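K.L.:
build me a model from this:
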Amino acid sequence: MIRQRLLQDKVLCIFCDNEVGTRTKPEHILLDALGGRMTTKWADCNHCNQSFGGTIDKVLPEQLRMLRNMFQMKSGSGQPPPGLSKILSSTGTITLDSRGRPKRVGGKPFTITPLGNERYDVSFSVDSMEEFRKYVAHAAAAIGVTEDHFWAKIEGQYASFQNEYPGTLHSRIQCGGEEVVRSMVKSSLVLLATHVGTMPLKGAAFAQARDFVVKGSEDFLQCFTAVDARDFPESAYQYLLENHGPMFNLIYVRSDDYGRTLAYYHAFNIASWQMVLAEKGGPRNIEIGLASDPLNPARWDGDLATKVSLDFDWLNAPDGSRLNDVSLARVSTVLKLHQDVSRERTIQNVLNDVLGHYYDEGDMIEMDEKGRAAIIEISQKLVAALMQIPTKEKFLLRRSKQPGAE
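P.N.:
Numbers count the residues shown, from 1 in each chain. The predicted structure follows:
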C-alpha cells in the first residue's frame, strides 16, 4: 500500500525538499560498510545521501575498522574488508592488507651486502614469489648488472623463505560520539520511512531528530539518546543469534498509542543505543526491525518485527550504569570468537595450500606415498601456523611461474 501511494504522489526527502523516487540513488538503511544490504530510493535524496555518506556515515565503520579486518567482513555490496596501516605489534609496526596479511612497515624490499670479487649477498623481504620477481630488476640495477645477468646467476638455485608472525597486535576498539549517533538516527528514520513514507517524518513531531541528523546538537544527544548496557530479552536475543550470527546488527523502531517513537541500534553485538525520534505525535503503534549478519551479509531480514518483538516499555528504559563491565565482557566474547574463526581459517588455508600442491581438483586422495607425504606436510604446517612458530623452507628460484611452481 505504501509503495502504491509513493508512486502516485510527489515524495520529498526526509531531510530537505528535494524529490525522491525511482531515479534516486539507493540508500543503504544499515550502512553498506557494516554489511547492510537493504536499500530504499524513497527516503533521502541524492544530495543528502552523498552528504551523509561523506561525513557522519564514515565514522562508525572507521571506528570498527579493526574488527572488519580481523573477521574479513565484506561490505553489503561485496567490497573487500578494509586494510589497516601503522598497527603496533610485539615485533614492530605493521600493516594488514584487506585479507588480513601482515607486512612490516619501513623495511626495505631487499638488502645487498658486498662479499668481494664482484660477489654479493642479496636478501629479499617480500611476501610472495611474484613480489620477489618484481624487485629482482631493482636489485640488479643496484648491483650494476642487467636483470638478465642477475637471473642467469640465480635461476635454478635454491633459496630459503622464512615465515614470521607479528605477535600480539595493539589497537583500540571504540564506538560512539555525536556523529555516530547522528548516522544511527538517520538510519532509523530511513527505516521508518519504508513503512510509513516520508510525509509523516517531515512533520513537527520529528523536527528535532531531523535537525540533529543534518546539523548535530549536543542538547539532543544528551536529552534524547542514551547508550544502553542491558542484556536483550532472552527470546529475542536467542533468535537474533541463531538467525543473524554472534555479531548481529539490529535497527528497531517502535511507537506507542501516543506516537512516541523510539529507535534501538545495536552494532556488532557489542554496543547499543536508544534514541527518541519523536516525543509524541508520530505514527501510532508502529513496529519495524532490520537485522543482519556482518559475517555473512546475505543473511538479513527487513521484516524482523514479525518474528521478534521488543516491548515498548523495555525500549523506553535504557540503562548505561554497567556500561564498562558489559562492554568489556562483549569485546572479550568477540575476541574469543575471532580466535575460533581465525583457527578455522588457518586450517582451511593450510589444507588448500598443501593439497593444491599435491593434487588437482577432483583427484582422489589415497594413502599412497603421495598421500602420506601430503599428510605429513599438513601436520607440520598446521602445528607451525597454529602455534605461530617461525619456519624456513627451501625453494627453487625460477624466473617465470611454471605449472605447480610457487
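K.L.:
mind checking what helix or strand follows the worst-scoring helix or strand of the chain on mean pLDDT in sequence?
P.N.:
Every helix and strand of the chain was ranked by mean pLDDT, DSSP states H and E. The lowest is helix 2-8, at a mean of 46. For helix 2-8, the succeeding helix or strand toward the C-terminus, using DSSP states H and E, is strand 27-28.
K.L.:
packing partners for that following strand?
P.N.:
With contacts taken as 3 or more C-beta pairs under 8 Å, 6 or more residues apart in numbering; DSSP states H and E, strand 27-28 sits against strand 39-40. In this view, the C-beta of every residue, glycine as well, is placed from N, C-alpha and C.
K.L.:
how far is the strand it packs on from where the chain is centred?
P.N.:
20 Å (C-alpha atoms, centre = their mean, to the nearest Å).
K.L.:
for stretch 170-186, same thing?
P.N.:
With C-alpha atoms, centre = their mean, you get 15 Å for stretch 170-186.
K.L.:
also stretch 337-344?
P.N.:
With C-alpha atoms, centre = their mean as the basis, the mean position of stretch 337-344 lies at 15 Å from the chain mean.
K.L.:
same question, stretch 291-308
P.N.:
Distance, centroid of stretch 291-308 to centroid of chain: 16 Å (C-alpha atoms, centre = their mean).
K.L.:
same check on stretch 126-146?
P.N.:
34 Å.
K.L.:
what of stretch 12-32?
P.N.:
Once both centres are worked out by C-alpha atoms, centre = their mean, stretch 12-32 turns out to sit 24 Å from its chain's centre.
K.L.:
and for stretch 51-67?
P.N.:
With C-alpha atoms, centre = their mean, you get 11 Å for stretch 51-67.
K.L.:
what's the end-to-end length of that stretch?
P.N.:
26 Å (C-alpha to C-alpha, to the nearest Å).
K.L.:
in that stretch, what's buried?
P.N.:
51-53, 56-61, 63-67 (16 or more other C-beta atoms under 10 Å).
K.L.:
first residue to last residue on stretch 226-241, what's the distance there?
P.N.:
Taking C-alpha to C-alpha, stretch 226-241 runs 24 Å from one end to the other.
K.L.:
what average pLDDT does it get?
P.N.:
The pLDDT scores in stretch 226-241 average 97.
K.L.:
ok, residues contacting it?
P.N.:
176, 248, 250, 264, 266, 271-275, 291, 307-311, 314, 318-323, 325-327 (C-beta atoms under 8 Å, 6 or more residues apart in numbering).
K.L.:
scan the chain for its longest helix.
P.N.:
helix 323-358 (DSSP state H).
K.L.:
secondary structure element for the residue most central in space within the chain, which one?
P.N.:
Relative to the mean C-alpha position of the chain, the nearest C-alpha, by C-alpha atoms, centre = their mean, is the one of residue 68, at 2.7 Å. Per DSSP H and E: residue 68 is located in helix 65-70.
K.L.:
do the same with residue 73
P.N.:
Per DSSP H and E, there is no helix or strand for residue 73.
K.L.:
so it touches residue 67, yeah?
P.N.:
Yes - contact criterion C-beta atoms under 8 Å: residue 73 and residue 67 qualify, at 7.4 Å.
K.L.:
what sits in contact with each of those two?
P.N.:
With C-beta under 8 Å, 6+ apart, residue 73 and residue 67 have no common neighbours.
K.L.:
quick revisit: out of the buried residues of stretch 51-67, which one sits closest to residue 159?
P.N.:
When the buried residues of stretch 51-67 are ranked by distance to residue 159 (C-beta to C-beta), residue 66 comes first, at 34.6 Å.
K.L.:
for the longest helix of the chain, buried residues please.
P.N.:
So helix 323-358, judged by 16+ other C-beta under 10 Å, has buried residues 326, 327, 330, 331, 334, 337, 350, 354, 355, 358.
K.L.:
then stretch 358-373?
P.N.:
residue 358.
K.L.:
ends of it, how far apart?
P.N.:
9 Å.
K.L.:
which residues does that stretch contact?
P.N.:
With C-beta under 8 Å, 6+ apart, stretch 358-373 has contacts from 355, 374.
K.L.:
now it: mean pLDDT?
P.N.:
Confidence over stretch 358-373 (mean pLDDT, whole number) is 89.
K.L.:
quick revisit: show the subsequent helix or strand relative to the helix holding residue 68.
P.N.:
Heading C-terminal from helix 65-70, the first helix or strand you meet, by DSSP H and E, is strand 84-89.
K.L.:
in three-state terms, label residue 111 for me.
P.N.:
Put simply, residue 111 is strand when judged by DSSP: H, G, I helix; E, B strand; the rest coil.
K.L.:
can you give me the buried ones in whatever helix or strand comes next after the longest helix of the chain?
P.N.:
Next helix or strand after helix 323-358 toward the C-terminus (DSSP H and E): helix 369-386. Residues 374, 377, 378, 381, 385 are the ones in helix 369-386 that count as buried (16+ other C-beta under 10 Å).
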